[in-house]
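Student: sequence plus the predicted model coming up.
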Amino acid sequence: MQFRNVAVIIPCYNEALTIGKVIDDYHAALPGAMVYVYDNNSSDDTSQIAKQHGAIVRFEPRQGKGNVCRQMFRDIDADCYLMVDGDDTYDEAKAVDMVLPILNGEADMTVGDRLSNGTYAEENKRAFHGFGNNLVRFMIKWIYGYAFDDVMTGYRAMSRPFVKTFPVMSEGFQIETELSIHAVDRRWRIKDIPIVYRDRPEGSVSKLDTFGDGFKVIAMIGALFKDYRPLKFFSLIAAVLLIVGLFFGIPVIFDFVHTGLVERLPTAILAVAFVFLSGLCLTTGLILDSVAKIERKEWELKVYDEFQK
């Protein structure tokens with residue numbers, strides 16, 4: 001079986017130790033597929049080795065995985081895009097299982113799940129990565145109601161309409177979270193594919209800053225929550241402000257009922273301010289929700305156009 005309509009896309013930064021094997025593995029796993037390596041300012045021989053192993057090599061000067069993905073999605077035309085990392089941690093034997101649901105029209109994004117079979121917990125030696133993944137999964141489940149098996153994995157296959165209508169906003173490792181939230185919010189068809197995970201080989205170094213990038217991911221979730229679900233976002237803030245306002249205001253009201261006087265005027269003013277801000281937040285949410293619905297309708301029409309191509 002030939003996979004000439006599949007593009008294997010590999011964002012890379014200093015992966016000279018593993019990139020050659022990764023390219024060879026996916027050439028073998030997906031005969032006929034085009035393998036693209038985007039070198040993101042590597043200081044080693046990543047690009048030279050990638051060329052020697054038959055990949056199409058391009059360069060992205062803006063640092064960060066999100067920036068690389070944005071350019072890959074703009075440049076490359078294919079029916080199916082299989083995104084993998086250049087560190088040889090993902091299971092190339094599952095490549096066909098990843099792309100077939102896309103090619104057969106059964107899914108718009110498949111997600112390589114490292115967690116279900118326990119191999120990530122066994123192989124991953126970096127502290128807090130598992131905790132961070134579970135935290136992000138919980139937040140997405142709470143906000144959007146969808147439970148990913150593995151939200152932070154970089155092993156994904158995507159359809160052309162998904163890729164060409166996806167607005168990449170992140171610059172770095174937030175891209176996986178952004179892809180996941182976009183897929184859920186826009187109601188794309190998602191399929192989890194269990195894969196075997198293996199840790200980086202000796203001498204290969206992760207580029208992920210556990211705490212720095214972790215905070216950026218959480219900030220990205222909050223920003224997308226505000227953009228995609230503004231009514232829910234601002235309603236939560238309004239509820240908190242209302243509770244605080246009532247906390248300060250109810251004792252003042254009781255005093256007024258019993259004495260006929262507002263004895264704590266500053267507290268009363270503070271309570272009114274919180275209640276006013278609560279109403280303002282709710283109004284903001286209602287307005288932005290209308291704007292978001294208009295944007296969603298325009299986006300849906302853009303998706304229809306992509307399916308016609």
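Tutor: Looks like it arrived, so ask away.
Student: for the nearest residue to A29 once chain neighbours are set aside, phi and psi?
Tutor: Closest residue to A29 apart from its sequence neighbours, by Cβ to Cβ, 6 or more residues apart in numbering: A95 at 4.1 Å. Every C-beta, even on glycine, is put in place using the N, C-alpha and C of the backbone. Main-chain torsions, A95, degrees, to the nearest 10: phi -60, psi -40.
Student: neighbours of the nearest residue to G32 once chain neighbours are set aside, just the number please.
Tutor: Of all residues not flanking G32 in the chain, Q2 sits nearest, at 3.8 Å (Cβ to Cβ, 6+ apart). Counted with other Cβ atoms under 10 Å, residues neighbouring Q2 total 9.
Student: in the stretch 201-309 of the chain, what spans have low per-residue confidence?
Tutor: The model of the stretch 201-309 of the chain has pLDDT under 70 over residues 210, 309.
Student: helices along that one, start to end?
Tutor: 210-228, 230-259, 265-308 (DSSP state H, counting those that start in this stretch).
Student: and the second one, what does it pack against?
Tutor: Pointing back at helix 230-259 there. Counting contacts by 3 or more Cβ pairs under 8 Å, 6 or more residues apart in numbering; DSSP states H and E, helix 230-259 is packed against helix 210-228, helix 265-308.
Student: circling back to that earlier point, between the helices of the stretch 201-309 of the chain, which gets nearest to P101?
Tutor: Each of the helices of the stretch 201-309 of the chain has some distance to P101 by Cβ to Cβ; the shortest is helix 265-308, at 16.6 Å.
Student: got the angle between that closest one and helix 230-259?
Tutor: Helix 265-308 and helix 230-259 are oriented at 160 degrees to each other (axes from the mean of the first three to the mean of the last three Cα atoms, to 10 degrees).
Student: I'd like to know which elements helix 265-308 is packed against.
Tutor: Applying 3+ Cβ pairs under 8 Å, 6+ apart, we find helix 265-308 packed against helix 160-164, helix 230-259.
Student: now, of those, which is deepest in the fold?
Tutor: Greatest average neighbour count among the helices and strands packed on helix 265-308 goes to helix 160-164 (a mean of 21), per mean count of other Cβ atoms under 10 Å.
Student: can you list contacts of that helix?
Tutor: Residues from elsewhere that reach helix 160-164 (Cβ atoms under 8 Å, 6 or more residues apart in numbering): 73, 77-81, 108-109, 183, 188, 303, 306-307, 309.
Student: just the buried residues of these.
Tutor: F73, A78, C80, Y81, D108, M109, A183, W188, V303 (16 or more other Cβ atoms under 10 Å).
Student: can you pull up the most central residue in this structure?
Tutor: Geometric centre of the chain, nearest residue: T177, 1.9 Å, by Cα atoms, centre = their mean.
Student: state the distance from the residue nearest to that residue when sequence neighbours are not counted to K94.
Tutor: Closest residue in space to T177, ignoring its immediate chain neighbours: V217 at 5.1 Å, by Cβ to Cβ, 6+ apart. With distances taken as Cβ to Cβ, to the nearest Å, V217 is found 25 Å from K94.
Student: next: F131.
Tutor: Relative to K94, and taking Cβ to Cβ, F131 is found at 25 Å.
Student: quick one, which of these two is more surrounded?
Tutor: K94 (18 against 11).
Student: residues near the closest residue to that one other than its chain neighbours, how many?
Tutor: Excluding the flanking residues, the one nearest K94 by Cβ to Cβ, 6+ apart is I195, at 4.7 Å. Residues lying near I195 (other Cβ under 10 Å) number 27.
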